[in-house]
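Colleague: here you go, sequence then predicted model.
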Amino acid sequence: MNKHFFALALALSVLPISAVAQTANNAPAGAPTQDQRQQMKQFFEQLKPQEEQLHQQLRSQVLSDMTPAHRRAIGSEIGDLAVSPNPDPQATAKRIDMILSPGERSRIVNAHEQYRNAAEQLHQQAMSQFKSQFPNMADRHHDDQDHGRMQNQMMMRDAGWIVLHSLPPHHDMGMPGR
């Protein structure tokens, strides 16, 4: 999620397409000043601890939802993926899913759903606060598109995928292909 917020901050700091006038210093009209960019950076850095806390809660829940034997087997799968000359995360996620019992899979999927809901709520609150603090920097049309993309990226997958992506510390659940 951390990288997603920085990408969102970058996207929101970009000049709206309709603003083509140039100022005296050759910067596009409506572009954020250096001070505004610093304020936006601080705004998004304040979200990091909350995002990390959500991830840590998911990670702890996922670990507690598995038996010790399954944790060891999954740790081995993840270790093999990490040192593979040709890593295949999709295949690893499928193998992890097969290791899990039906009850474990269900609990992990439920934990991810709770995580996803909390992350979505955090993102909505952050965007509302961002819009109130930086009303000239947020283009509503692009915000709606970014929000839709974020929702699609955070869509739940199978329990093996969730385990693979939630166990590494500080991992970004929202980034596809990771």
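Modeller: Nice, thanks for sending it over. Numbering: from 1, shown residues only.
Colleague: low pLDDT regions in this structure?
Modeller: 1-30, 137-156, 170-178 (pLDDT under 70).
Colleague: where do the strands sit along it?
Modeller: In the chain, no strands are defined using DSSP state E.
Colleague: now the helices for it?
Modeller: Ranges of helices within the chain are 2-13, 34-64, 68-83, 89-99, 102-133, 140-153, 159-166, based on DSSP state H.
Colleague: redo the ones you listed as TSV? Include mean neighbour count.
Modeller: Backbone N, C-alpha and C define where each C-beta goes, glycine included. Below are these laid out as TSV (neighbours: other C-beta atoms under 10 Å):
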stretch	mean neighbour count
helix 2-13	17
helix 34-64	15
helix 68-83	14
helix 89-99	18
helix 102-133	16
helix 140-153	13
helix 159-166	24
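Colleague: for A82, give me its contacts.
Modeller: If you count contacts by C-beta atoms under 8 Å, 6 or more residues apart in numbering, A82 has none.
Colleague: now it: how far from E120?
Modeller: Separation of A82 from E120 (C-beta to C-beta, to the nearest Å): 30 Å.
Colleague: I'd like to know how far the residue nearest to L167 when sequence neighbours are not counted sits from E45.
Modeller: Closest residue in space to L167, ignoring its immediate chain neighbours: R59 at 6.1 Å, by C-beta to C-beta, 6 or more residues apart in numbering. Distance from R59 to E45, counting by C-beta to C-beta: 21 Å.
Colleague: circling back: wait, the residue nearest to L167 touches L164, no?
Modeller: No - using C-beta atoms under 8 Å, R59 makes no contact with L164, being 11.9 Å away.
Colleague: number of nearby residues for P135?
Modeller: Look at P135: counted by other C-beta atoms under 10 Å, it has 8 neighbours.
Colleague: quick one: P49 and P87, what's the gap?
Modeller: P49 sits 30 Å away from P87, going by C-beta to C-beta.
Colleague: how about L167?
Modeller: For L167, the distance to P87 - C-beta to C-beta - is 15 Å.
Colleague: quick one, which of those two is more surrounded?
Modeller: Legend: neighbour count by other C-beta under 10 Å for L167 and P87, higher for L167 (17 against 12).
Colleague: contacts only, for the more buried one.
Modeller: L167 neighbours (C-beta under 8 Å, 6+ apart): 59, 62-63, 74, 78.
Colleague: closest one of those residues to S101?
Modeller: I74 (12.1 Å; C-beta to C-beta).
Colleague: quick one: the closest one and D97 touch, right?
Modeller: No - using C-beta under 8 Å, I74 is not in contact with D97; the gap is 10.0 Å.
Colleague: backbone dihedrals for P168, please?
Modeller: Phi and psi for P168, reported as degrees, to the nearest 10, are phi -60, psi 140.
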